[in-house]
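> starting from these lines, generate the structure:
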Amino acid sequence: MKSVVIQRPNEIFILEQAVPEPGPQELMIQVMASGICGTDLHIYRGEYMGSYPVIPGHEFSGVVTAIGSQITRFKVGDRVAVEPNIACDNCVNCLNNRQNFCLNWQAVGVTLPGGMEEYVIVPEKAAFSIGDLPFEIGAFMEPLSCVVHGIERAHIGLADHVAILGAGPIGILMIQMARIQGAAQVTVLEINPGRADLASGMGADRVVNSFDGLQPDTYDIVIDATGAIPVMNRSIDFARMGGTVLLFGVPPIAKTMEVEGFKIFRKGLTVLSSFTSVRNSFQAVDLLQSGQVRVDALISHRLPLAELPHALELIESRDPAVKKVIVQPNG
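The predicted structure is shown next:
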């Protein structure tokens, strides 16, 4: 089978290797759709936790083609998506229902082989049935589960006014989840015209292309969905007194934010971050199956496995036509 390997930062190649065999509690999945997100780009550039060499891809779905002897929830032929975060379930964080902070944390596509290959082995507990969802829709289970967790932490309430900074795929999911939670108004900051247009069509009441378009000290909830340090630095400026700021985007490692401590104190802000998800994959699948969260319009490119380097270049290009890039390892 073919796999794409990041040997070390900025070095990527295609590897031919034998198809693996699942262990007793593992599944083998034929990968049909694998999404690329900003985290993959950070891994490629050496800006995110993980180990090298690594086969990337943590947002993917496919078909179960082999099962281990102790598998109980799945059979060959089942259609599944994968929750990449693997917790030990036995450390102090896991035992306190903080599996996303597992002291022995592993992640498919980050520290373990991921979905940028034709076949991948995952633990049974990492797989979730997607029923008859199209594979490329099922591949959104992972990013949506992370968004659900972030939204839960932000506690968006009925009639809240929400500002979302960034309208990439995560920002678009955030818009829809804010609506589901009952937000009365959603304002989006986005400089990319293609993404701005998409935000307008996916539930944003107002889209602005600069900080000048946002009202200071106004919004109940401000969500950074960019991970860009200059944007994160400004996020506290737009929250109302007693408001909440959710820093959701993935910033580069070792880069420092600069915010005015007195402003946080004087405004009585709640400042949160959100790391991966905690048991949110069932919710994500239900939301996709119900149609309450729509992702079809997010997909701009579908590429074969061999074009993963080009796919990463597309993500980094800021081209207005580029939204979500889906890699199809098996065509």
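> who touches Thr244 in this structure?
Going by C-beta atoms under 8 Å, 6 or more residues apart in numbering, Thr244 touches 154-155, 220-222, 269-272. (C-beta placed from N, C-alpha, C; glycine too.)
> in helices only, show me the residues you listed.
Ala154 (DSSP state H).
> tell me the one of the contacts of Thr244 nearest Val322?
Nearest to Val322, judged by C-beta to C-beta, of those is Val222 at 25.6 Å.
> if we can go back for a sec, redo the contacts of Thr244 as JSON lines? Include distance to Val325.
Below are these laid out as JSON lines (distance: C-beta to C-beta, whole Å):
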{"residue": "Ala154", "distance to Val325": "27"}
{"residue": "His155", "distance to Val325": "32"}
{"residue": "Asp220", "distance to Val325": "33"}
{"residue": "Ile221", "distance to Val325": "29"}
{"residue": "Val222", "distance to Val325": "28"}
{"residue": "Leu269", "distance to Val325": "35"}
{"residue": "Thr270", "distance to Val325": "34"}
{"residue": "Val271", "distance to Val325": "32"}
{"residue": "Leu272", "distance to Val325": "29"}
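> among the contacts of Thr244, who's most crowded?
When neighbours are counted by other C-beta atoms under 10 Å, Val222 leads the contacts of Thr244 with 29 neighbours.
> nearest to Gly23, of the contacts of Thr244?
The closest of the contacts of Thr244, once distances to Gly23 are taken by C-beta to C-beta, is Leu272, at 37.6 Å.
> before we move on, what SS does Ile158 have?
Slight slip there: residue 158 is Leu, not Ile. Following DSSP: H, G, I helix; E, B strand; the rest coil, Leu158 is assigned to coil.
> ok now do it, which residues does it touch?
When contacts are counted by C-beta under 8 Å, 6+ apart, Leu158 touches 181-182, 184.
> redo that, cut-off 10 Å
Leu158 makes contact with 181-184, according to C-beta atoms under 10 Å, 6 or more residues apart in numbering.
> again with Cys88
Cys88 neighbours (C-beta under 10 Å, 6+ apart): 94-95, 99, 102-106.
> please apply the same query to Ala297.
Residues counted as contacts of Ala297 (C-beta under 10 Å, 6+ apart) are 172, 198, 201-202, 323-324.
> shouldn't it be within a helix?
Yes: the assignment for Ala297 by three-state DSSP puts it in a helix.
> relative to Glu142, how far out is it?
Look at Ala297 and Glu142: by C-beta to C-beta, to the nearest Å, they are 19 Å apart.
> if we can go back for a sec, any idea which of the contacts of Leu158 has the most stuff around it?
Among these, the one with the most neighbours (other C-beta under 10 Å) is Ala183, at 23 neighbours.
> so it makes contact with His155?
No: between Ala183 and His155 there is no contact under C-beta atoms under 10 Å: 11.7 Å.
> list residues touching both of these two?
Common neighbours of Ala183 and His155 (C-beta under 10 Å, 6+ apart) are 220-221.
> who wins for most neighbours among the contacts of Ala297?
Going by other C-beta under 10 Å, Ile172 tops these with 30 neighbours.
> so which strand or helix has that residue?
Using DSSP states H and E, Ile172 sits within helix 169-180.
> got the buried residues for that helix?
Using 16 or more other C-beta atoms under 10 Å as the burial criterion, the residues of helix 169-180 that qualify are 169-180.
> want to throw these into a markdown table with pLDDT and distance to Ile14?
Listed next are these as a markdown table, based on pLDDT from 0 to 100; distance: C-beta to C-beta, whole Å:
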| residue | pLDDT | distance to Ile14 |
| --- | --- | --- |
| Pro169 | 94 | 26 |
| Ile170 | 96 | 28 |
| Gly171 | 97 | 32 |
| Ile172 | 98 | 31 |
| Leu173 | 98 | 31 |
| Met174 | 98 | 34 |
| Ile175 | 98 | 36 |
| Gln176 | 98 | 36 |
| Met177 | 98 | 36 |
| Ala178 | 98 | 40 |
| Arg179 | 97 | 41 |
| Ile180 | 97 | 40 |
